[in-house]
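Trainee: Sequence and predicted structure below; questions after.
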2 protein chains.
Amino acid sequence: MTHQEEIMSTAIDYRLISTDDHIIEPPDVWEGRLEKKFQDRAPHVIVNNDMDYWSFEEKQSPNIGLSVMAGRSFEEYTTDPVRFSGMRKGCYDPKERLLDMDRDGIEVSALFPSVPGMAGTLFSEAEDKSLALRCLETYNDWLSDTWCAADPNRFIGQMILPIWDLDLAIKELQRGLGLGHKALSFPNAPESLGLPNIGDEHWDPLWDAVEEAGIPVSMHIASGSMRDSPMPLAVAAGTPAEVFVTVAPSSNFISVATLLWSGVLVRHPKLRFLSVEGGVGWLGYLVQRADEVYMKHRHWTKTKLKEPPSFYFKRQVFANFLDDAVGLTTRHHIGVENIMFEVDYPHSDTTFPNSQELVAKRFKDVPADETRLIVRDNAIKFFGLDLQ
Amino acid sequence: MTHQEEIMSTAIDYRLISTDDHIIEPPDVWEGRLEKKFQDRAPHVIVNNDMDYWSFEEKQSPNIGLSVMAGRSFEEYTTDPVRFSGMRKGCYDPKERLLDMDRDGIEVSALFPSVPGMAGTLFSEAEDKSLALRCLETYNDWLSDTWCAADPNRFIGQMILPIWDLDLAIKELQRGLGLGHKALSFPNAPESLGLPNIGDEHWDPLWDAVEEAGIPVSMHIASGSMRDSPMPLAVAAGTPAEVFVTVAPSSNFISVATLLWSGVLVRHPKLRFLSVEGGVGWLGYLVQRADEVYMKHRHWTKTKLKEPPSFYFKRQVFANFLDDAVGLTTRHHIGVENIMFEVDYPHSDTTFPNSQELVAKRFKDVPADETRLIVRDNAIKFFGLDLQ
Ligand SMILES: [Mn+2]
Ligand SMILES: [Mn+2]
Ligand SMILES: [Mn+2]
Ligand SMILES: [Mn+2]
């Protein structure tokens, strides 16, 4: 057998579900949707020295190369800005995205924003919160009536919320459900925005509403503030760029540990979180370590937990990965029903257009029933999809 | 078979080597060893309200309960200070320590200081650097002529250095070698002391000397400054204490990533580092992730590496663990020759007095030759011990 035949002979006979992809917003997201006093101040694209920049309040930001590398060779990877005209169309056009999903054997894709920040933090950090709220609502509208509308069965809309105000957040959650959104994108490190951490009781009223709605919460790495990253000191102190890139995924270690210990999963037994783009090869260690800490240290800490952390993890915490042989080796330490596949289109780490081949190769020694759970069925259950 | 019989039937027939234990210094370490102008200002114990405190410059610090829990039940674990009279004698008395090592089946123990900080950072942060230097030298003397002298074949002395001044550090390294020390304890996060990070070229002259001496470098978790910990923001922001305890070991993730990417292992091919008390269950993921970053990102980062990070890891980076089933599951991703056992006597996470039972249980499914490497032979090679 050639390498190609070998891959095909073991290929899976159903399509994958990607639990993490990114919309690179086209320039017209906010166009013609806001009242006059806000329209000109909504995020919009300006051209400067032959480069496209998103402009909002005082900020001008281009699309960075590493965010739009789908289909590029590693040699072409760059941090330089890229214009819309230089991107693969699947980045910003939902119909083209569906074609790329077909090419890659992906049936369904869960989506994160880019311009608003992966959990809407651009608006949480805005000066004018009236403007920010309208821009955020408009984003949720556009996500539903334009992007997801291109194929509501294949795109999972994940709404963003005005988390700077709990009442507004709960109101927008209800509105977002009405728009058909199936999940919520929430910052992995709200403390980076000066807000309480993800396990704090502050969020309880929101989690009550999320629990009642029955939708899950996606917690993407680096979805907190860009101003004040939760990355440790060492990364900032003159270390090579590769240290940041290497460490960035597992920064969700802290977020998951905070979920496990804060008691939020005890107080909200139906709330479910997905650690997104963090990989899972470190997760078995984290759950094991948390149980060890529970065994040895719960007396002096006066823990809020009634059961070991692994009990709550198993019930309510999930995590996804792109390419993670170590994660698969440790899958029984984590729980085969707690891990899912992702493609991360069109970011630099994306598995596109080789997702099917990669899965066939990496899952070679994983039983078929476990493979199917990880690359498809767990996501169907997690997002409540109407699929077999 | 009873559980006990089962354990005994699989027990290993040789003694373990612990690559991480702690000296809780007795009150007389610095007594009668310094010149008159410094003697009264060296670290010394004062009693205040029936509690013992170490006093140095402006600081008074008691021994914290969690640091001296060897032999205690988990129910007794406490962060409250403990007097010398309330500690197990093996904490501060080398002859008693040897008896505890006998009880636990430990042949050899690699030692870290407590009062000076695990890598001597108390002195790096001192106001009076002339005083600090003499106190540091005196510590290395005492470690050799008193503690290690109790049995030079069973204690591995790890010297500390005046890293605030490279010339002084190299001079003290040479002196420490003359005292018989077999390794160097270096902070995992020197940037927390305002010094260059562990991979920075600043340290190259020291590493040249260490390489030539042929001794390894131990890099204990949390061995940087106590003032400015490298722990991520989230841990400080009102999260439960258990988050810190859960996250603390894997904080060496950053230190190891910095070693791998900085080029220090390329520039010093014989330099060897041991990640201490970090556990290893996250390490296979780190090495895998680093290789992925090398494959995908090395073109734009213009990496300093000539080979994938795993090449340098395999050759020069080692790590130890106490109780880590996930680490053993992933041992072939890490490298069976790169991991070692530790006891962490007398800290709260110590395996004492159950180290032999624990090893028999955890290594049940690990082949005998691999077990022996991990719990004994790798350490013999790493520290250059004269043992079979
Ligand atoms: Mn992503
Ligand atoms: Mn990404
Ligand atoms: Mn230790
Ligand atoms: Mn310890």
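Mentor: Arrived safely. Residues are numbered from 1 along each chain as shown, chains lettered A, B, ... in the order given. Ligands and ions are numbered 1, 2, ... in the order given.

Trainee: so what does the particular helix or strand that has A:V245 in it touch, helix or strand wise?
Mentor: Counting by DSSP states H and E, the element that carries A:V245 is helix A:241-247. Secondary structure elements in contact with helix A:241-247, counted by 3 or more Cβ pairs under 8 Å, 6 or more residues apart in numbering or on different chains; DSSP states H and E, are helix A:233-236, helix B:252-262, helix B:283-301. From N, CA and C alone the C-beta is placed, and that goes for glycine too.

Trainee: Relative to ligand 4, which of these is closest?
Mentor: When these are ranked by proximity to ligand 4, the top entry is helix B:252-262, at 12.4 Å, counting by Cβ to the ion.

Trainee: Distance from the closest one to the middle of the chain?
Mentor: Centroid displacement of helix B:252-262 relative to its chain, using Cα atoms, centre = their mean, to the nearest Å, is 16 Å.

Trainee: Over to stretch A:37-55?
Mentor: Chain-centre distance of stretch A:37-55: 25 Å, with Cα atoms, centre = their mean.

Trainee: Give the burial count for whichever residue of the stretch 1-150 of chain A sits closest to ligand 4, as a bare number.
Mentor: Proximity of the stretch 1-150 of chain A to ligand 4 (Cβ to the ion) peaks at A:A119, 35.9 Å away. Here the neighbour count serves as a burial measure; for A:A119 (other Cβ atoms under 10 Å in any protein chain shown) it reads 29.

Trainee: Surely it touches A:H220?
Mentor: Yes: in this structure, A:A119 is within contact of A:H220 by Cβ atoms under 8 Å, at 6.5 Å.

Trainee: okay, and the common contacts of those two?
Mentor: When Cβ atoms under 8 Å, 6 or more residues apart in numbering or on different chains defines a contact, the residues bordering A:A119 and A:H220 alike are A:F112, A:S185, A:N188.

Trainee: Show the backbone phi and psi for A:A110.
Mentor: With angles defined as degrees, to the nearest 10, A:A110 sits at phi -90, psi 130.

Trainee: for the particular helix or strand that has A:A360 in it, packing partners?
Mentor: Counting by DSSP H and E, the secondary-structure element that holds A:A360 is helix A:355-362. Taking 3+ Cβ pairs under 8 Å, 6+ apart as the contact definition, the neighbouring helices and strands of helix A:355-362 are helix A:3-9, strand A:16-22.

Trainee: quick one: it to strand A:16-22, angle?
Mentor: Orientation check (axes from the mean of the first three to the mean of the last three Cα atoms, to 10 degrees): helix A:355-362 against strand A:16-22 gives 120 degrees.

Trainee: and whatever helix or strand comes next after helix A:355-362, which residues are buried?
Mentor: Proceeding C-terminally, helix A:355-362 gives way to helix A:368-372 as the next helix or strand, assigned by DSSP H and E. For helix A:368-372, a neighbour-count test (16 or more other Cβ atoms under 10 Å in any protein chain shown) marks A:E370, A:T371, A:R372 as buried.

Trainee: Residues contacting helix A:368-372, please?
Mentor: A:I12, A:Y14, A:R331, A:V336, A:V359, A:F363.

Trainee: circling back: comparing the helices and strands packed on helix A:355-362, which yields the minimum mean pLDDT?
Mentor: Taking each of the helices and strands packed on helix A:355-362 in turn, the one with the lowest mean pLDDT is helix A:3-9, at a mean of 47.

Trainee: Next, the contact list for A:I163, please.
Mentor: A:G120, A:S124, A:A169, A:F186, A:P187, A:P190, A:L193, A:L195, A:L206.

Trainee: what about A:I46, how many neighbours?
Mentor: For A:I46, which is what you asked about, the neighbour count (other Cβ under 10 Å) is 11.

Trainee: Chain neighbours aside, what residue packs nearest to A:L66?
Mentor: What sits nearest to A:L66 in space, not counting adjacent residues and going by Cβ to Cβ, 6 or more residues apart in numbering or on different chains, is A:S348, at 4.3 Å.

Trainee: Can you mark which positions in the helix or strand harbouring A:R103 are buried?
Mentor: Following DSSP H and E, one finds A:R103 within helix A:94-104. Across helix A:94-104, burial judged by 16+ other Cβ under 10 Å covers A:P94, A:R97, A:L98, A:D100, A:M101, A:D104.

Trainee: How about the third one, nearest residue that isn't a chain neighbour?
Mentor: Same thing as A:L98. Counting by Cβ to Cβ, 6+ apart, A:D151 is the residue found nearest to A:L98 once chain neighbours are left out, at 5.7 Å.

Trainee: So for the one you found, what's the pLDDT?
Mentor: For A:D151, the predicted pLDDT is 97.

Trainee: and the residue of the stretch 151-300 of chain A found nearest ligand 2, what does it touch?
Mentor: Shortest the stretch 151-300 of chain A-to-ligand 2 distance, computed as Cβ to the ion: residue-wise this is A:E277, at 5.2 Å. With contacts defined as Cβ under 8 Å, 6+ apart, A:E277 is in contact with A:D20, A:H220, A:I221, A:P249, A:N252, A:N320, A:L322, A:E342, A:D344, A:D349.

Trainee: how about a cut-off of 10 Å?
Mentor: Contacts for A:E277 (Cβ atoms under 10 Å, 6 or more residues apart in numbering or on different chains) come out as A:19-20, A:22, A:112, A:118, A:188, A:218-223, A:248-249, A:252, A:319-322, A:342, A:344, A:347, A:349.

Trainee: what's the burial count for the residue nearest to it when sequence neighbours are not counted?
Mentor: Leaving out its chain neighbours, the residue that sits closest to A:E277 by Cβ to Cβ, 6+ apart is A:I221, at 4.9 Å. When neighbours are counted by other Cβ under 10 Å, A:I221 registers 22.

Trainee: Tell me the helix or strand right after the helix or strand A:S109 falls within.
Mentor: Secondary-structure element containing A:S109, defined by DSSP H and E: strand A:106-112. Using DSSP H and E, the next helix or strand after strand A:106-112 towards the C-terminus is helix A:121-124.

Trainee: Alpha carbons of that next one, as PDB, please.
Mentor: Extracted C-alpha coordinates of helix A:121-124, given in PDB (Å, rounded to 0.1, in the frame of the first residue of the first chain):
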ATOM      1  CA  THR A 121     -14.200  41.700  24.700                       C
ATOM      2  CA  LEU A 122     -13.700  44.600  22.200                       C
ATOM      3  CA  PHE A 123     -17.000  45.900  23.400                       C
ATOM      4  CA  SER A 124     -16.400  45.200  27.100                       C
END
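
Trainee: The helix or strand that comes right after that helix: how far from the chain's middle?
Mentor: Sequence order places helix A:129-142 as the next helix or strand after helix A:121-124, per DSSP H and E. In terms of Cα atoms, centre = their mean, the gap separating the centre of helix A:129-142 from the centre of its chain is 20 Å.
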